[in-house]
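> Provided below are the primary sequence and the corresponding predicted coordinates.
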Amino acid sequence: MGEMKKEARIRMVRNRICRLLTFLPAVCMACLIFSFSAQTGEESSSLSRQVTEGLVRAVDQITGSGWTEEEVQEQAERYEIYVRKAAHMTEYAVFAVTVLLPLRGCGFRGRRLFLITALVCASFAAGDEWHQSFVGGRGPSAADVGIDFTGACIGMGAAGVFLRRRKKARGKG
């Protein structure tokens, strides 16, 4: 009888450890977001400029536009802000999914699941903006919190659609 209790306790601890490990992707995303926010304004601008130039060059090649270097630079300058904001939204969409799925694995469902995920994402976005107030050439922005939260909502919506379709498919099978 004592041996069975010991095995049950081991299983329970193993399950708790596994459940905690499901949050590892969310922790990794939080660290990634934090590291981007720790870049100085100059470093951040340089990175987003490189990404935007790469995208503009790809569009130029795909469309066969034959833009000059000057035209590539003009296009990159024009679209850099959109690339930056899309990157914010994408980071937070992924972050939301990596928070939502393990919470669901812990038994949260329905509105409660989405509310807790939204609170975690909004709190992290606000804290991240506050963190930027200590970084050279950066500052907090309420608009960025809104953009980040919009990305999180997109991620939660995509996860919700996926979970609903999966549940529906399982119900039919």
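Yep, it's here.
> Check which element follows whichever helix or strand residue 70 is part of along the chain.
Counting by DSSP states H and E, the element that carries residue 70 is helix 69-105. Heading C-terminal from helix 69-105, the first helix or strand you meet, by DSSP H and E, is helix 110-132.
> Of all the residues in that following helix, which ones are buried?
By 16 or more other CB atoms under 10 Å, the buried positions in helix 110-132 come out as 113-114, 117-118, 120-122, 124-126, 128-129, 132. C-beta coordinates here come from the backbone N, C-alpha and C atoms, glycine included.
> got the contact list for the helix or strand harbouring residue 31?
For residue 31, the element it lies in under DSSP H and E is helix 24-37. Residues outside helix 24-37 that contact it (CB atoms under 8 Å, 6 or more residues apart in numbering) are 44, 91-92, 94-95, 98-99, 102, 124, 128, 131-132, 135, 138.
> Tell me the one among the residues you listed nearest to residue 168.
Within the contacts of helix 24-37, distances to residue 168 taken as CB to CB reach their minimum at residue 102, with 22.3 Å.
> can I assume that closest one is in contact with residue 19?
Yes: in this structure, residue 102 is within contact of residue 19 by CB atoms under 8 Å, at 7.3 Å.
> Which one of these two is surrounded by more residues?
Taking neighbours as other CB atoms under 10 Å, residue 102 and residue 19 compare with residue 102 leading, 19 against 13.
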